[in-house]
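Novice: pasting the sequence and the predicted model now:
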Amino acid sequence: MNIQWYPGHMTKAKRMMAENIALVDIVIELLDARIPLSSKNPDVRQLAKNKPRIVVLNKSDISDPVANEAWLAFFRVNDLAAICVDSVSGKGMTQITDEARRIMQPKLARKLARGRNFTPIRAMIAGIPNVGKSTLINKFVGKSVTKTADRPGVTRGKQWIRIVKDFELLDTPGLLWPKFDDERVGLNLAFTGAINDQIIDIIELSLKLIETLVSQAPSSIPTRYKVDITDGESPHDILEKIAAARGFRLKGGTLNLERAAITLIDEFRAAKLGRITLELPAEVTTC
């Protein structure tokens, strides 16, 4: 299942980010804590040029807490500031501004020595679609200043937002890259909702998710749907069991596999199958 999605507005977004990078002091790279590798846009490092970066693992409340710590350690060993946050509740978010001030302290001190008494820190926030940028910004500000939705591609243009007196954010559209060389990257992005569901065969995607969960979180499906899974059982058979367990049937009694597929994917995204991380730092070669 080779998934690719790079709508035209993303080319414009990438160009806009490149044109505005000179205006900012720091780049905040927002990742999905469930898939830090797959949600890490390889173009951001180049776009950031030599600007300091802060890696923010969002949705850390629905990812595996042990994996969260492993990822934090990995990024810090590679000389990147890293923070776990939950943009819905606001947990961990004050660490972002604290870390930005720490990183910028020497530069601000030099400006102060030259007589510039107040200079706000300006940061660009970058991330894939549906990673929670708008939710995070709205939580920072305490009101709705950017559009949010549980689907990718809502933010289309840039917007400057003052978070506090000394900290400003440049919001940017969710940005993917033109080609996913690894099939798993496209699948992980689709599992977590970063790719438009309308371009995907939802039943086929659910079968891939079942295959992944059986391998990486084997108790998640039996626990959630109260079904037994035998060794070697096919994803299709397991999807049928989920449909039967939930009573999803069409007229005539045929199992409604599409409804079961949608339910499985939605409940995985909402962490109703547990706090699951699909990638670990051992799989990363560069950051």
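Specialist: Yes, it's here.

Novice: contacts, neighbours, all on C-alpha from now
Specialist: OK.

Novice: ok, longest helix in the chain?
Specialist: Selection of the longest helix in the chain by residue count, based on DSSP state H, yields helix 94-113.

Novice: now that helix - C-alpha only, PDB.
Specialist: Presented in PDB, the C-alpha positions along helix 94-113 are these (Å, rounded to 0.1, in the frame of the first residue of the first chain):
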ATOM      1  CA  THR A  94       5.400  26.400  29.300                       C
ATOM      2  CA  GLN A  95       8.600  24.500  28.700                       C
ATOM      3  CA  ILE A  96       8.600  25.700  25.100                       C
ATOM      4  CA  THR A  97       8.900  29.400  25.900                       C
ATOM      5  CA  ASP A  98      11.300  28.600  28.800                       C
ATOM      6  CA  GLU A  99      13.600  26.600  26.500                       C
ATOM      7  CA  ALA A 100      13.400  29.300  23.800                       C
ATOM      8  CA  ARG A 101      14.400  32.000  26.300                       C
ATOM      9  CA  ARG A 102      17.300  29.800  27.500                       C
ATOM     10  CA  ILE A 103      18.500  29.300  23.900                       C
ATOM     11  CA  MET A 104      18.200  33.000  23.100                       C
ATOM     12  CA  GLN A 105      19.700  34.300  26.300                       C
ATOM     13  CA  PRO A 106      23.200  35.000  24.900                       C
ATOM     14  CA  LYS A 107      21.800  36.700  21.800                       C
ATOM     15  CA  LEU A 108      19.400  38.800  23.900                       C
ATOM     16  CA  ALA A 109      22.200  39.700  26.300                       C
ATOM     17  CA  ARG A 110      24.300  41.000  23.300                       C
ATOM     18  CA  LYS A 111      21.400  43.100  22.100                       C
ATOM     19  CA  LEU A 112      20.900  44.500  25.600                       C
ATOM     20  CA  ALA A 113      24.600  45.500  25.700                       C
END
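
Novice: counting by contacts, list what it packs against.
Specialist: strand 53-58, strand 81-84, strand 121-127 (3 or more C-alpha pairs under 8 Å, 6 or more residues apart in numbering; DSSP states H and E).

Novice: name every strand pairing with the shortest one and say which way it goes.
Specialist: The one in question is strand 81-84. Its sheet considered, strand 81-84 pairs with strand 53-58 (parallel) by DSSP bridges.
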